[in-house]
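Enquirer: Quick one, structure for this:
(one chain, ligands or ions: 1)
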Amino acid sequence: MFRAIVLTKSDDEKIPQARLQTLEDSALPVTEGPDVLVKVDYSTLNYKDGLAMTGRSPVVRKYPMVPGIDFAGKVLESADPLFKPGDEVILNGWGVGESHWGGLAEKARVKADWLIHKPQGITSRQAMAIGTAGYTAMLCIQALERHGLSPNQGEVLVTGAAGGVGSVAVAVLANKGFKVVASTGRLSEESYLKNLGAQSVIDRAEL
Ligand SMILES: NC(=O)c1ccc[n+]([C@@H]2O[C@H](COP(=O)([O-])OP(=O)(O)OC[C@H]3O[C@@H](n4cnc5c(N)ncnc54)[C@H](OP(=O)(O)O)[C@@H]3O)[C@@H](O)[C@H]2O)c1
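Expert: Here you go, the predicted structure:
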C-alpha cells in the first residue's frame, strides 16, 4: 500500500481533481522493459506539477495521473541488474508525472533506464531541493562552458533570475567565479538575488 496524489479528470471537466489516495502497489502502471519499484523519499513541486494540478496547461497526457516530475528514493524491487534493493536513486523528467505516474507518491514504478544512482556527497533531500529546475540550470551552465564561456570573459546575464531555473543559475555561476548580472521583473527580490551571488540586479524592462 502507498499514498499518492492522484489527478482525475473526465472529458467534460476543465480542471482535474487532485486527491490524496491510498492505493495497492498493483495499481502502479508497469513500463516497457525492466522496471524498478522505488520508495520515494523526496520529490519537488516543479512549475510543471503546478500546471498539471491546476490544469492550466495540458501537460498531463492521460488520467488518472500521479504528478511529480522528479523524485529521489530507495529501490525496493528491481528487474534490472543495474539496480538492487536499497540502492539510492534519482529520477528527473522522462515524461514522469505527465504520461507515467510520478513522484508525488510514496512509491513509484519506473523504467530502469530513467533512473540514475544518487551521487555520493549529496543527500536525497538535497537532490530534490535542487530539483529538476536546478538540474536544468546546471545543464545550461555546462552547455555554456562547453561552448567556451569562462569567468574572465566579463559579466554573465541571467534572465528570469528570481525564477526556479534562474535562481539556481545565479547561485551556481557566482559560485564558479562568474560576475552575474541578474535580470528580474521583481526588483523586490534584489536582496535575495544578491544573497545568491548576483553582483548586480537590473529591471527586466531595461533589456
Ligand atoms: N523548471 C524546470 O524544471 C524546467 C526544466 C526545463 C526547462 N524549463 C524552462 O525554463 C524556463 C524557466 O522555468 P522556471 O521553472 O524557472 O519558471 P519560473 O520559476 O516561473 O521562472 C520564470 C521566470 O521568468 C521570468 N518571467 C516571467 N514572465 C516574464 C516575461 N513576460 N518576460 C520575461 N521574463 C519573464 C520571471 O523572472 P523574475 O521573477 O526574475 O522576473 C519568472 O520568475 C521556462 O521556459 C521553462 O519552460 C524549466
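
Enquirer: what secondary structure does Ala198 sit in?
Expert: At Ala198 the chain is in coil, as set by DSSP: H, G, I helix; E, B strand; the rest coil.

Enquirer: Verify the stated contact: Ala4 with Glu24.
Expert: No. Using Cβ atoms under 8 Å, Ala4 makes no contact with Glu24, being 11.1 Å away. C-beta: built from backbone N, CA, C; applies to glycine.

Enquirer: Which of the two has more residues huddled nearby?
Expert: The neighbour comparison of Ala4 against Glu24 (other Cβ atoms under 10 Å) goes to Ala4, with 26 against 8.

Enquirer: Report the separation between the more buried one and Ala108.
Expert: In this structure, Ala4 and Ala108 are 9 Å apart, going by Cβ to Cβ, to the nearest Å.

Enquirer: Okay, domains of the protein per the record?
Expert: Using automatic domain parsing, the domain ranges for the chain come out as 2-117, 132-206.

Enquirer: Neighbours of Ser149, how many?
Expert: Check again: residue 149 is Leu, not Ser. The number of residues packed around Leu149, counting by other Cβ under 10 Å, is 15.

Enquirer: So for it, what's the nearest residue that isn't a sequence neighbour?
Expert: Using Cβ to Cβ, 6 or more residues apart in numbering and skipping residues adjacent in sequence, the residue nearest Leu149 is Val156, 7.2 Å away.

Enquirer: thinking again about what came up before, can you check which residues contact both of Ala4 and Ala108?
Expert: Taking Cβ atoms under 8 Å, 6 or more residues apart in numbering as the contact definition, Ala4 and Ala108 share the neighbouring residues 66, 101.

Enquirer: centre of the chain versus the longest helix along the chain, how much separation?
Expert: Across the chain, the longest stretch assigned as helix under DSSP state H is helix 124-146. The gap between where helix 124-146 is centred and where its chain is centred comes out at 9 Å by Cα atoms, centre = their mean, to the nearest Å.

Enquirer: Brilliant, that's me finished.
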